[in-house]
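Colleague: after the sequence you'll find the predicted model.
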Amino acid sequence: MTGIDYSQKIPNNVDLASDKRLQRALEAWQPNYLEWWNSVGPTDFNTKDVYLRTAISAEKDGWAHFGYVKMPDYRWGIFLEPRDEKRTVGFGDHFGEPAWQQVPGEYRNWLRRLIVTQADTEPASVEQQRLLGHTAPSLYDLRNLFQVNVEEGRHLWAMVYLLHTYFGKDGRDEAEELLQRRSGNPDHPRILGTFNEPCTDWLSFFCFTMFTDRDGKFQLLALAESGFDPLARTCRFMLTEEAHHMFVGQTGVARVIERTCQVMQAHPDKDVRDYGAIPLDVIQKYINFWASSSTDLYGAEISSNSANFFRSGLKGRAYEERYDDHLALEGSYAFENLVDGQLVREEVPLRNAMNEVLRDEYVKDNEKGIAYWNRVCERMGNPFRFRLPQRRFHRKIGVYAGGHFDLDGNALSQAEWERRQGDWLPTAKDRAFVQGLMQPVTTPGKSAGWIAPPAKGVNDQPADFLYVRA
Ligand SMILES: [Fe+2]
Ligand SMILES: [Fe+2]
């Protein structure tokens, strides 16, 4: 049951062949998916052989197989973690009931909305990253970009499987729509803000995979708790793929920092820009931008939707097993509300604060990434220290969108914000400089001058391995 059947048109471990109607519906969606990939994916690289990993099993260990693949031939498929027959709903009003194998009728619309919102981010990121291959700083990075791209494509498959299987015609319509919306298109944009932001340079890409894919991690952790068992099992397998995306971001930014520190060491008191490196404070600005934008993805601080999703058992908390109380009916969550321009401490019923509870976990995880980058500075003998902007900084969603805040979360006047935002967010000049550094490096084993080479090859390959070949 858990072995992946690669003899099928759509590889899967869900015995798709036994449900002819579903199989036909998904096989009808498949060419539309490929058409989407071939028009807004990394199309200029479709004929290249890329050293990619493919899932061979959905079990915890040893699921990856590495080999050269042309991206359009990647075996996108449907892989769910094995079913646990004894699984029960882990939180909310249905706590302790057997997990659902079918969609509970009364929650159908909420569940569809949760799945579509998650699904929409997957093709969006592929669209955002589609031209980055032209400026990859090394073949190693080029390959990692494409690995992320094909896996985001697979995540779309994972969600479309759920839509097709459990939501009838509505689900099929939603699956079509997922191929119609476009990142950054003003008339038909992707659902969530961050997924419409341009991502045209590699520092942005590394920050995106660090902060935005990490939002993905926490959304998937919360959905992996779902009482709707097929969603939970799908998300658990997606998390194994997501881990690599965040690795790309975390180590990518670390290598940029390392390179800048090297240049600062070699040329003290000089502008590192003159030596083709990115100033540490500019890196910090990119961190500020992508971290704050991704912090918005959790939604409003006080949210009746989040209460409904929790109450109904559809979306839990990350690591629900770490809590003693899975009902969250008692207790409250204290946060700083913004009332008439003043921060006022308020208590809200816990269930209404589930977005904030999830955001807390996200912020904690981001802090670990920042500490990792600061260890690079420390190791290089550089006194600079990176920081995470306080969660109120530069928000577009939730109560803090109604004000302006500095990196410590202190309220600012509009005028003060206007005056100082260039110190905190990338300016047009910063962006032009970073963009100007983006030149492709395609010699095996070589990296661009603004980034240190990777510490280790993919799948233990040597430094000069040909990750992408003509
Ligand atoms: Fe994803
Ligand atoms: Fe991802």
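Modeller: Thanks, I have the structure now. Residues are numbered from 1 along each chain as shown. Ligands and ions are numbered 1, 2, ... in the order given.
Colleague: what about the strands in the protein?
Modeller: Secondary structure of the chain (DSSP state E): strands at 49-55, 64-70, 332-339, 342-349, 404-405, 411-412, 468-469.
Colleague: tabulate these (JSON lines), appending distance to ligand 1 and mean pLDDT.
Modeller: Just so you know, the C-beta spots here come from the backbone N, C-alpha and C atoms, and that holds for glycine as well. Listed next are these as JSON lines, based on distance: least, Cβ to the ion, whole Å; pLDDT from 0 to 100:
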{"stretch": "strand 49-55", "distance to ligand 1": "14", "mean pLDDT": "95"}
{"stretch": "strand 64-70", "distance to ligand 1": "16", "mean pLDDT": "93"}
{"stretch": "strand 332-339", "distance to ligand 1": "28", "mean pLDDT": "96"}
{"stretch": "strand 342-349", "distance to ligand 1": "30", "mean pLDDT": "96"}
{"stretch": "strand 404-405", "distance to ligand 1": "30", "mean pLDDT": "98"}
{"stretch": "strand 411-412", "distance to ligand 1": "35", "mean pLDDT": "95"}
{"stretch": "strand 468-469", "distance to ligand 1": "22", "mean pLDDT": "97"}
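Colleague: can you give me the helices for this structure?
Modeller: Ranges of helices in the chain, per DSSP state H, are 20-40, 108-128, 139-166, 168-178, 202-207, 213-223, 229-266, 280-295, 304-311, 354-379, 414-424, 428-437.
Colleague: closest one to Lys86 among those?
Modeller: Closest of these to Lys86 is helix 229-266, at 11.2 Å (criterion: Cβ to Cβ).
Colleague: the closest one near ligand 1 at all?
Modeller: No. Applying Cβ under 5 Å from the ion, one finds helix 229-266 separated from ligand 1 by no less than 5.9 Å.
Colleague: and the residue of the stretch 1-150 of the chain nearest ligand 1?
Modeller: Glu122 (4.9 Å; Cβ to the ion).
Colleague: residues touching that residue, list them.
Modeller: Glu152, Gly153, His155, Leu156, Met159 (Cβ atoms under 8 Å, 6 or more residues apart in numbering).
Colleague: returning to what we had before: who wins for proximity to Asn366 among the strands of the chain?
Modeller: strand 404-405 (16.9 Å).
Colleague: can you give the contact residues for that closest one?
Modeller: Strand 404-405 is contacted from outside by Gln390, Arg392, Phe393, His394, Arg395, Ala411, Leu412, Ser413, Gln414, Glu416, Trp417, using Cβ under 8 Å, 6+ apart.
Colleague: columns neighbour count and distance to ligand 2 on top of these, output as CSV?
Modeller: Shown next, in CSV, are the contacts of strand 404-405 (neighbours: other Cβ atoms under 10 Å; distance: Cβ to the ion, whole Å):
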residue, neighbour count, distance to ligand 2
Gln390, 17, 25
Arg392, 24, 26
Phe393, 21, 24
His394, 24, 23
Arg395, 21, 22
Ala411, 16, 34
Leu412, 15, 33
Ser413, 11, 38
Gln414, 9, 36
Glu416, 13, 36
Trp417, 16, 32
